[in-house]
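**Student:** How does the following fold in three dimensions:
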Amino acid sequence: MNALAITNGTATRMAVIAQRTGSELMAGAKAMMIESLKEKLRNGVAHFVFIKKNGEVREAFGTTNAAVAAKYTNGNGCSREFFKTTAFFDIEKGEWRSFRWESLVKVF
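**Tutor:** Model (predicted):
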């Protein structure tokens, strides 16, 4: 039997996604995808797809791994989580980017 632990962060993401999409089922699935993505971002380069605010589908390769993004991180400012988004360092663009939680489509 597999157990699923939901952290406070996951529960918060689920609530925000449910409010924005009107679907608790989608909220749970996307919140768990975000947890998986955040783990991959911490441990190296992650490959994922999300929908930009303008409706464009974006395929991204990103990381939050300090060894890769350290020289682009100054530690100032507030967390993107405050804005109900997830930040990542875009490997292809060489800049920090973020996406709204409900816009995540797939994590490879």
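**Student:** How about residues contacting the helix or strand containing residue 33?
**Tutor:** Assigned by DSSP states H and E, residue 33 falls within helix 24-43. Contact with helix 24-43 is made by 4, 7, 10-11, 13-18, 21, 46, 48, 62-65, 86, 88, 101-102, 104, 106-107, as judged by Cβ atoms under 8 Å, 6 or more residues apart in numbering. Every residue, glycine included, has its C-beta placed from N, CA and C.
**Student:** Point out the ones among these that are inside strands.
**Tutor:** 46, 48, 62-63, 86, 88, 104, 106-107 (DSSP state E).
**Student:** Give me the mean pLDDT for stretch 24-34.
**Tutor:** Average pLDDT, stretch 24-34: 92.
**Student:** So residue 63 versus residue 39, what's the distance?
**Tutor:** Residue 63 is 12 Å from residue 39, where distance means Cβ to Cβ, to the nearest Å.
**Student:** List the contacts of the residue nearest to residue 88 when sequence neighbours are not counted.
**Tutor:** Once flanking residues are discounted, residue 88 sits nearest to residue 62: 3.4 Å by Cβ to Cβ, 6 or more residues apart in numbering. With contact set as Cβ under 8 Å, 6+ apart, residue 62 has these partners: 41, 45-46, 48, 88-91, 97.
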